[in-house]
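Below is the sequence, then the predicted model.
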Amino acid sequence: LALPANAPPEVFDGVKWSCSETANSQRERLSNCGVSVRTLLGRWSDIDEVTDVHALLERLKTSKACPRVLAMAPKLEAMLAIWKP
């Protein structure tokens, strides 16, 4: 989720978190706050746990995402290498 600098803080109020409705709830709230919404990459999984980050890394390896998104992979790998639960 990338927000414009002028997005009001209320864009997160009332969003249903960590459920199958989170994305739709967030899109609706953004629209209600006057923030335009574009979906660029289709549906991706939520990142809540370390195992989700590992799954994201695997997905990035075969992704056709833009170079800025793909550039996250080495940074995520470095973060995971030093992370101690």
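Looks like it arrived, so ask away. Residues are numbered from 1 along each chain as shown.

now the helices for the protein?
22-32, 50-61, 67-70, 72-82 (DSSP state H).

Let's have these in TSV, adding mean pLDDT.
Formatted as TSV, the entries for those read as follows, by pLDDT from 0 to 100:
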stretch	mean pLDDT
helix 22-32	90
helix 50-61	82
helix 67-70	76
helix 72-82	83
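
do you know which of the ones you listed lies nearest Ala5?
helix 22-32 (14.5 Å; Cβ to Cβ). For the C-beta atoms, the positions are set from N, CA and C on the backbone; glycine is no exception.

So for the closest one, what gets flagged as buried?
23, 26, 29-30 (16 or more other Cβ atoms under 10 Å).

got CSV for the helices of the chain, with distance to Leu3 too?
CSV is the format used below for those (distance: least, Cβ to Cβ, whole Å):
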stretch, distance to Leu3
helix 22-32, 8
helix 50-61, 20
helix 67-70, 16
helix 72-82, 18
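
Please work out which of those is packed deepest.
helix 22-32 (a mean of 15; mean count of other Cβ atoms under 10 Å).

mind listing what Glu77 touches?
Contacts for Glu77 were tallied using Cβ atoms under 8 Å, 6 or more residues apart in numbering; they are Leu57.

brain fart, Lys16
Contacts of Lys16 by Cβ under 8 Å, 6+ apart are 22, 25.

Try it again at 10 Å.
Lys16 is in contact with 22-26, 28-29, counting by Cβ atoms under 10 Å, 6 or more residues apart in numbering.
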